[in-house]
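Participant: Curious how this folds, go ahead:
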Amino acid sequence: MNSRIIRETALNLHGLKIKLWFKLVKNITLRIKEDGSIFLTAPIGMSLSEVQQFLESREQWLRQQLQRMLQAQSQQKQEQKYSMGELPFDGQHVWLWGKRLPAHFLLSGKKHGTYEVQANAVNFYYRSELNNEAKCAFVEFFYKQEVSGKGEQLLQAWEKKMGVHHTGLKVHRMKTRWGSCNVRTGGINLNTLLACWPQECLEYIVVHELAHLHEANHSPRFHAIVERYLPEWRERKKLLVAFKPV
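Facilitator: Residues are numbered from 1 along each chain as shown. Purely as a prediction, here's the structure:
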């Protein structure tokens with residue numbers, strides 16, 4: 001069997017780019033690689049018009065296969081394991097309120113440790129070169145600042161509605177909890193990494209912790225309080241569990 005490529009070219013099928021190889025083969029073969037690239041192998045004696053006609057007869061099948069591949073890849077990505085407490089930072093992207101954004105580390109005369117959230121990216125400004133460990137620390141600081149700001153706003157808004165008062169907010173990275181409440185002092189703790197999840201999740205945790213100032217335990221009365229102020233809390237809790245910053 002001789003699989004040597006005799007001639008190669010590229011075709012366009014209504015926006016689909018196809019790599020065409022002419023070989024010493026008897027049958028025409030169409031395949032899609034995992035990255036979505038399309039390859040067609042045709043007998044050396046077949047004309048381009050015959051190849052085009054064949055492709056047009058397979059266009060619907062091609063698009064269906066590509067759609068299935070995209071769905072499978074999306075599902076696989078969602079199913080990637082994430083261990084609670086891990087810092088969601090791959091060196092090039094950060095997560096902010098449920099969205100994955102490019103992270104740009106820029107040498108600047110601005111105050112070291114300054115960051116700027118833009119519509120489609122986050123800029124981190126520094127005055128001296130950062131190693132990977134320093135970048136991770138910078139990103140964690142960014143997450144902490146975001147949760148501190150949004151968290152305090154939500155606490156002030158919800159405590160008025162719920163008739164309670166918190167005495168202080170602390171934000172730090174936790175491996176087993178999203179938040180906690182000291183019912184004796186009124187202090188609230190929030191997980192730094194809530195900045196990576198959709199804001200609805202942060203709001204749910206805020207309401208949950210403030211409800212403890214009415215009821216210390218997770219009793220039926222406690223859940224009734226949460227239900228009264230945030231009827232959609234179950235959906236928020238499911239989102240908190242299902243969302244993965246990967």
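Participant: Which parts of the chain are strands?
Facilitator: 5-13, 16-23, 29-32, 38-43, 93-96, 99-107, 115-117, 122-126, 168-172, 179-182, 187-191 (DSSP state E).
Participant: Show me what the fifth one is packed up against.
Facilitator: Helices and strands touching strand 93-96, as assessed by 3 or more Cβ pairs under 8 Å, 6 or more residues apart in numbering; DSSP states H and E, comprise strand 99-107, helix 132-162. All C-beta spots, glycine's among them, are computed from the backbone N, C-alpha and C.
Participant: quick one: contacts of the one helix or strand in the chain whose mean pLDDT sits lowest?
Facilitator: Taking mean pLDDT, DSSP states H and E as the measure, the chain has helix 59-78 as its least confident helix or strand, at a mean of 85. Contact with helix 59-78 is made by Leu13, His14, Leu16, Leu30, Ile32, Glu34, Gly36, Ile38, Leu55, Lys244, Val246, as judged by Cβ atoms under 8 Å, 6 or more residues apart in numbering.
Participant: what's across from the closest residue to the fourth one other than its chain neighbours in the sheet?
Facilitator: Okay, so that is Leu30. What sits nearest to Leu30 in space, not counting adjacent residues and going by Cβ to Cβ, 6 or more residues apart in numbering, is Leu40, at 5.1 Å. Using DSSP bridges, the bridge partners assigned to Leu40 are Leu20, Leu30.
Participant: Please determine how far Leu40 is located from Gln53.
Facilitator: From Leu40 over to Gln53 the distance is 12 Å, taken as Cβ to Cβ, to the nearest Å.
Participant: Nearest spatial neighbour of Trp97, chain-adjacent residues omitted?
Facilitator: For Trp97, ignoring the flanking residues on the chain, the nearest one in space by Cβ to Cβ, 6+ apart is Gln199 at 4.9 Å.
Participant: Just to check, the one you found is in contact with Leu96?
Facilitator: No: Gln199 lies out of contact with Leu96 (Cβ atoms under 8 Å); the separation is 9.7 Å.
Participant: more neighbours, the two?
Facilitator: Using other Cβ atoms under 10 Å, the more surrounded residue of Gln199 and Leu96 is Leu96, with 19 against 15.
Participant: What's the separation between that one and Ile205?
Facilitator: From Leu96 over to Ile205 (counting by Cβ to Cβ), the distance is 17 Å.
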